[in-house]
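A.B. asks: Using only what follows, build the 3D model:
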Amino acid sequence: MLVPSDRKNRPHAFLPHQAVIPAAGLGTRFLPATKAMPKEMLPVVDKPAIQYVVEEAVAAGIDDIVMIIGRNKNALANHFDRVTELEHTLERKGDHDKLARVVEPSALADIHFVRQGDPKGLGHAVLRARKHVGNETFAVMLGDDLIDARDPLLSRMIEVSQNRSATVIALMEVEPSQIHLYGCADVETTDEPDVVRVNALVEKPAADEAPSNLAIIGRYVLKPEIFEVLAQTAPGKGGEIQLTDALEELAADESIAGPVLGVIFSGRRYDTGDRLDYLKSNVLLALDRDDLGPELKTWMQELTATFD
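C.D. replies: Predicted coordinates:
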């Protein structure tokens, strides 16, 4: 039986038990709200966005998480730590529902924090997890993308990675006019309708230069060979080390780590990195809640009637 201390020594053919969550961004699109608070801590209904991501990882069987953080990100560590004074206060009051919600984040998984240091891009942030991850296949999950728990994506990606011994990225169709906001994949079909082989990747192409309308969204299942590629990847767009550039190299040479495949996701995704989409995410998730949805729906119907 494998215990946590065995993880560094086991072959990476085992199901991944680790996730890397880059959380070192400055969140400039949400200033001044993110001047003193990490963007990952912005609430989505009544939980910070980062908690949804951790819950998704846990639901996919991951129990060891590395967050790559920058300066002024202590709130992230505090959220996933115990707050004994608050817990004792709620316990004395007999407020067991709130107590359970307060304790829940600290019991989700083993969570570790690594400083990125210089903000050199997503690829550099992933590379900072190398010592912790070791020789394991692992997931990378971006906190801006929330995937609805009713439409599991990461577990499907892990399944494809294991079955085909592949690096796997999440893809989603977007409007061609929006493709310049994403990394974009040139693909060919496989014998599974939701799985494609990735031939090439382009970081944020112009619409007339994009090979498809399949955008890379913030979920990856990576083999440990990615670290050596990242270590040799030169800065790309914006002077940053781009994860997309390293994946492009893997796609071009399967001898490094096998094929790069894409899982096409058609479920519910909430982009909390954009202000308008962040507001929409709050509304959509609240509408699905039994405790909030009915009253919110009635209020919205009354509100929209005033614009007629």
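
A.B. asks: what about Phe30, how many residues close to it?
C.D. replies: Counted with other C-beta atoms under 10 Å, the neighbours of Phe30 add up to 18. Where you see a C-beta, it was placed from the backbone N, CA and C, and this is true even at glycine.

A.B. asks: Going forward, count from 641.
C.D. replies: Done: numbering now begins at 641, and the last item shifts to Phe670.

A.B. asks: Contact partners for it?
C.D. replies: 679, 682, 915, 918 (C-beta atoms under 8 Å, 6 or more residues apart in numbering).

A.B. asks: Can you check the pLDDT for the third one?
C.D. replies: Arg915 is assigned a predicted lDDT (pLDDT) of 92.

A.B. asks: Name the nearest residue to Gly876, ignoring sequence neighbours.
C.D. replies: Nearest residue to Gly876, sequence neighbours excluded (C-beta to C-beta, 6 or more residues apart in numbering): Gln882, at 4.2 Å.

A.B. asks: Would you confirm that that neighbour contacts Leu870?
C.D. replies: No. Using C-beta atoms under 8 Å, Gln882 is not in contact with Leu870; the gap is 9.5 Å.

A.B. asks: shared neighbours, those two?
C.D. replies: Joint contacts of Gln882 and Leu870 (C-beta under 8 Å, 6+ apart) are Gly763.

A.B. asks: on that earlier part again, what about the residue nearest to Gly876, distance to Ala892?
C.D. replies: Distance of Gln882 to Ala892, given as C-beta to C-beta, to the nearest Å: 15 Å.

A.B. asks: where do the strands sit along the stretch 741-890 of the chain?
C.D. replies: 750-755, 778-781, 785-787, 807-813, 823-829, 835-843, 854-862 (DSSP state E, counting those that start in this stretch).

A.B. asks: who wins for proximity to Lys738 among the ones you listed?
C.D. replies: Lys738 lies closest, by C-beta to C-beta, to one member of the strands of the stretch 741-890 of the chain: strand 750-755, at 21.7 Å.

A.B. asks: List the strands paired with that closest one, with their directions.
C.D. replies: Note on strand 750-755: by DSSP bridges, its sheet partners are strand 704-709 (parallel).

A.B. asks: give the contact list for Ile866.
C.D. replies: Ile866 touches 766, 807, 886-887, 890, 897, counting by C-beta under 8 Å, 6+ apart.

A.B. asks: Let's see which of those end up in helices.
C.D. replies: 766, 886-887, 890 (DSSP state H).

A.B. asks: Could you dump those into TSV and include neighbour count and distance to Val706?
C.D. replies: Below are those laid out as TSV (neighbours: other C-beta atoms under 10 Å; distance: C-beta to C-beta, whole Å):
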residue	neighbour count	distance to Val706
Val766	25	10
Ala886	27	18
Leu887	27	19
Leu890	23	21
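
A.B. asks: hang on, the earlier thing: mind putting the strands of the stretch 741-890 of the chain into JSON lines with distance to Asp930, mean pLDDT and mean neighbour count?
C.D. replies: Listed next are those as JSON lines, based on distance: least, C-beta to C-beta, whole Å; pLDDT from 0 to 100; neighbours: other C-beta atoms under 10 Å:
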{"stretch": "strand 750-755", "distance to Asp930": "29", "mean pLDDT": "93", "mean neighbour count": "15"}
{"stretch": "strand 778-781", "distance to Asp930": "27", "mean pLDDT": "97", "mean neighbour count": "25"}
{"stretch": "strand 785-787", "distance to Asp930": "19", "mean pLDDT": "93", "mean neighbour count": "23"}
{"stretch": "strand 807-813", "distance to Asp930": "28", "mean pLDDT": "96", "mean neighbour count": "24"}
{"stretch": "strand 823-829", "distance to Asp930": "37", "mean pLDDT": "92", "mean neighbour count": "19"}
{"stretch": "strand 835-843", "distance to Asp930": "35", "mean pLDDT": "92", "mean neighbour count": "20"}
{"stretch": "strand 854-862", "distance to Asp930": "28", "mean pLDDT": "95", "mean neighbour count": "24"}
